[in-house]
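[1] Quick one, what's the 3D model for this:
(chains A and B)
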Number of protein chains: 2
Amino acid sequence: MKLYEKLANDIERQIRGGVLRHGDRLQSVRQTSRQCALSVTTVLRAYLLLESRGLLISKPQSGYFVQLRPGSDAAEAAADAVEAITTPKPMALSATVDVSRLVLSTLRSIAAHDAVPLGSPYPDTGSFPLQKLNRYAYAAGQDPSLRALQTGLPPGHPQLIRQIAKRYLDKGQTVDPAEILITLGATEAINLCLQAVAKPGDVIAVESPTFYAMLHAIERMGMKAIEVPTHPEHGIDVDALAGIAASQAIAACMVMPNFQNPLGFVMPDERKQTLVELATRLDMPLIENGVYNELYYGAAPPRTLKSYDREGLVLHCGTFSKTLTSIYRIGWALPGRYRDQVEKLKFLNTLTTPPLPQMAIARFLTRDGYEAHLRRLRKAYAQQASLMRAIVLRFFPEGTRVSTPRGGYVLWIEMPPQVDAMRLYELALARGITIGPGHMFSVSDRYRHFIRLNYSTPWSPAIERAVITVGKLAADCMR
Amino acid sequence: MKLYEKLANDIERQIRGGVLRHGDRLQSVRQTSRQCALSVTTVLRAYLLLESRGLLISKPQSGYFVQLRPGSDAAEAAADAVEAITTPKPMALSATVDVSRLVLSTLRSIAAHDAVPLGSPYPDTGSFPLQKLNRYAYAAGQDPSLRALQTGLPPGHPQLIRQIAKRYLDKGQTVDPAEILITLGATEAINLCLQAVAKPGDVIAVESPTFYAMLHAIERMGMKAIEVPTHPEHGIDVDALAGIAASQAIAACMVMPNFQNPLGFVMPDERKQTLVELATRLDMPLIENGVYNELYYGAAPPRTLKSYDREGLVLHCGTFSKTLTSIYRIGWALPGRYRDQVEKLKFLNTLTTPPLPQMAIARFLTRDGYEAHLRRLRKAYAQQASLMRAIVLRFFPEGTRVSTPRGGYVLWIEMPPQVDAMRLYELALARGITIGPGHMFSVSDRYRHFIRLNYSTPWSPAIERAVITVGKLAADCMR
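    Residues are numbered from 1 along each chain as shown, chains lettered A, B, ... in the order given. Next comes the predicted model:
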């Protein structure tokens, strides 16, 4: 445990034990620093962590005060402490999608710079078991059965398919292994699922903001997007979606019900059910992007839309890229009643998924503590989310609002409307820091004062300084 | 050297040295077998090899006779000895493409059976340096630079791109490394090149017969195909293509000018030039599938269409799957003036190509005797082509015609029209032998009495028996 965590836990015990009471003012950072012989940064970080746990609030010019509301959940309290992200207004018309050039150039500048990767879409891989996987891949490459695998065709390696089905089962969801198709990451899974249910020119409903991978799938096939208002805590507005579908043909709806990128929400179960019911009534395929499903901060994994689906209308997509290795690019699709079309499209698109990475992951899942690895990740991400959230609230311009992620590893930040995220992106890049400008998450420019920050990298003074710098640059942008 | 090769070489020396002269009758197989203390099969194989070298002909009921035409090239002589494959008539209309289900089910039954893989589209990997590549991949996986590569984006790994450019240069073709895009095998390269230049519903000109990978790319995007008469020795009929293009809009033309699958021809250089000139006049993109280019039997590598292109209209595709490893699925595109569109589509389609296989191949190319490996392959394939060709001519029903491959590893066989290739496929599969039915190579049923045989597996009694069995089954089909 790090020093600041230890200090935070000590103070939390004093609060829980009644030594410090609601409304009490804490010693200043400097006083505690002297008294405990800890650096100012360490104490500040401990206070911020407690703030993120909903146990302290900071009042400008006055200091830190104990804020204890009995029975309240820390994350809820933290969420309530600031205004929620603005829910966008409905869009009148569908739009042609053309975001990929912006996304590619942004990702490229992120990759090209040895910068603090706050703008990265990828998880930090420092804790990923790359060496173990590499050894399994090597062993698979020595396997005499390998020569037969050159003729490997969809659906994919049977051992991996079994392991994936087992993981769903462990979470209480029964999945037919025969439905699973292995793909080149979730990217290909999402692309093929969409291509199976809609054709060029069709209108696809998406969340607003939406993960640009969804927009890419629409752009790839020359389809159109219509953005549906999406609540920062409860997800896509099902009534609004129904209204849109009543006035025009919607070929499919693409959503990310759990730990949505960039908002981080989990759709409440009853909303998930309502959405699947609407889709069933309309006979409208739902493409469910579940790539962060394993990265939940709560006690139990969230339910999927797929688990409510009785008609095979949900095409569910997953991946190992966010939790195990992103260089292997192994994802999968559970395409419901569209399985055979998706399989045919997979065969047409890339023929087959390379066997060695599939075999390496299957061996790792069978033998090597994936659950323990995930538990560590979840705990670390939850804590890093709190810390980054606290820093943003403290150092970004007044009026900034921040998402409260329930899983995954990104924060969505709404800044005052004067701050242009592309300008901020340029300024930050000049300081060796990358951020994800809001422009990438919509076909409109409604998120031009939003940014996405990645908190998957273990907390460090460098990360903290980078977030503070971005906050100060944002303030500069307002002048 | 195997016994039958030694015997064949001995007899060839006797012929070349004048001991045996044109028209001389050889001893019967049985006599030679007794005299040399060799098995009947060994002697038969030696005679067939000499037949394939154009030095013997067999006359039914009479035996083998020396056939020496001074100055004639053996392959030419062999080609002249039988009637050429029929060149198809032009097609009046373009057609919707829907061959992938047939191809997938055929490939699947090939993969599922522990059968003689005469129907396989893949090269035999027995001589491929899989172990070396596996060690390089492992070393790459240990490389500290790897963590940075998770953000690897198109165009691909710079080291591999350099090596590919260098290979073109070694063959006398200057290629700008900045034009090269690494893809998931040639499959993805061909798909994206086609998608970059044409849209759903467009008409694409293809060879007849055509490699089904081309038809798949057309089917994937809901385009239409029109088949252009293709000469079994000289390739696509450029005049016929010009005629078609004069009467309807052709969005692109897809060809395989070198070692075409299934015909095995090389387009003569002047025809290549004429084709590129036509494309330039029409401003019509040419997609050049060059996946077998390294597998030439002649003294020098064949020229590419790309090498004649001055306008960036040729989109050239290559792969390592046919010569080095098919499980890594590393191909590339040189998309000419469409480079940026193809790169964007690559990003949209699969985001990135996994880095480890790229690094492993790059390291192998730098250090480990790719050229020596290719020389061995070329020599073996050329000899196996001759042997299989000789066996087919001897044991298939009268009237059977066989292609004369100049490279690659497949033979195209035209049987009498009464033989239905799908029926033959079923019969052969029941005997543990797979073949490639002609139905897969066209949108029409004009190749229903054709089959494709793969001769990449080292020659063996089992292969020989399998070819003979298919020939006898074909004869049965005529009853």
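[2] and the residue in the stretch 251-400 of chain A positioned nearest to chain B, what does it touch?
    Taking C-beta to the nearest C-beta as the measure, the stretch 251-400 of chain A has residue A:348 as its residue closest to chain B, at 4.0 Å. The way it works is simple: take the backbone N, C-alpha and C, and place the C-beta from them, glycine included. Residues in contact with residue A:348 (C-beta atoms under 8 Å, 6 or more residues apart in numbering or on different chains) are B:100, B:191, B:216-217, B:219-220.
[3] Next one: it, what pLDDT does it get?
    For residue A:348, the pLDDT comes out at 97.
[4] Can you classify it by secondary structure?
    helix (DSSP: H, G, I helix; E, B strand; the rest coil).
[5] Which residue, other than its chain neighbours, is closest to it?
    residue B:220 (4.0 Å; C-beta to C-beta, 6 or more residues apart in numbering or on different chains).
[6] Quick check: pLDDT value at the one you found.
    Model confidence at residue B:220 (pLDDT) stands at 97.
[7] so when I look at residue A:264, I'm seeing a strand, right?
    No: applying three-state DSSP, one finds residue A:264 to be coil, outside a strand.
[8] Contacts only, for the spatially closest residue to it that is not a sequence neighbour.
    The shortest distance from residue A:264 to any non-neighbouring residue, by C-beta to C-beta, 6+ apart, is to residue A:405 (2.9 Å). The neighbourhood of residue A:405, defined by C-beta under 8 Å, 6+ apart, consists of A:259, A:263-265, A:297, A:385, A:411.
[9] can you pick the most crowded of these?
    residue A:263 (29 neighbours; other C-beta atoms under 10 Å in any protein chain shown).
[10] my guess is that residue meets residue A:401, correct?
    No: if you go by C-beta atoms under 8 Å, residue A:263 and residue A:401 don't touch, sitting 11.5 Å apart.
[11] Can you list the strands that the longest strand along chain A pairs with?
    Assignment by DSSP state E gives strand A:224-231 as the longest strand of chain A. Partners of strand A:224-231 in the sheet, by DSSP bridges, are strand A:95-96 (antiparallel), strand A:203-208 (parallel), strand A:235-236 (antiparallel).
[12] any idea of the mean pLDDT for that strand?
    Strand A:224-231 shows a mean pLDDT of 96.
[13] So which bits of the stretch 101-250 of chain A are right by chain B?
    A:101, A:104, A:107-108, A:110-111, A:120, A:122, A:125-126, A:130-131, A:133-135, A:137-138, A:141-142, A:146-154, A:184-185, A:187-188, A:191, A:199-200, A:216-217, A:219-220, A:222 (C-beta under 8 Å from any C-beta of the partner chain).
[14] These in helices, which ones?
    A:101, A:104, A:107-108, A:110-111, A:130-131, A:133-135, A:137-138, A:141-142, A:146-149, A:185, A:187-188, A:191, A:216-217, A:219-220 (DSSP state H).
[15] Please, a PyMOL command that selects the buried ones among the residues you listed?
    With 16 or more other C-beta atoms under 10 Å in any protein chain shown as the burial test, the buried ones among these are selected in PyMOL as follows:
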select buried, chain A and resi 104+107+110+111+130+133+134+135+137+138+141+146+149+185+187+188+191+216+217+219+220
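[16] Would you map out the domains in chain A?
    As recorded under automatic domain parsing, the domains making up chain A are A:3-86, A:99-127+A:372-477, A:130-370.
[17] Average pLDDT for the shortest one, rounded please.
    To tie it back to what came earlier, the one meant is domain A:3-86. For domain A:3-86, the per-residue pLDDT averages 79.
[18] just stretch A:258-270 next, same as before
    97.
[19] Then stretch A:311-320?
    Here the average pLDDT along stretch A:311-320 is 98.
[20] Give me the buried stretch members for that stretch, please.
    A:313-320.
[21] ok, now how distant is the residue nearest to residue A:348 from residue B:87?
    28 Å (C-beta to C-beta, to the nearest Å).
[22] start to end distance for stretch A:143-159?
    14 Å (C-alpha to C-alpha, to the nearest Å).
[23] now it: how far from the chain's centre is it?
    32 Å (C-alpha atoms, centre = their mean, to the nearest Å).
[24] I would like the residues contacting that stretch, please.
    By C-beta under 8 Å, 6+ apart, stretch A:143-159 touches A:140, A:161, A:178, A:180-182, A:332, A:343, A:346-347, A:351-353, A:355-356, A:358-359, A:362-363, A:366, B:104, B:107-108, B:110-111, B:120, B:122, B:125-126, B:130, B:326-327.
[25] try it again with 7 Å
    Residues outside stretch A:143-159 that contact it (C-beta atoms under 7 Å, 6 or more residues apart in numbering or on different chains) are A:140, A:161, A:180-182, A:343, A:346-347, A:352-353, A:355, A:358-359, A:362, B:104, B:107-108, B:110-111, B:120, B:122, B:125, B:326-327.
[26] next one: stretch A:215-229
    Here stretch A:215-229 has contacts from A:87-91, A:94-100, A:190-191, A:194-195, A:198, A:200-208, A:210, A:236-237, A:240-241, A:244, A:442-444, B:348-349, using C-beta under 7 Å, 6+ apart.
[27] go on, stretch A:18-33?
    Under C-beta under 7 Å, 6+ apart, the answer for stretch A:18-33 is A:14, A:39-40, A:43-44, A:47, A:56, A:63-68.
[28] Farthest pair within those?
    Farthest pair in the contacts of stretch A:18-33 (C-beta to C-beta) is A:39 and A:68. Separation: 27.0 Å.
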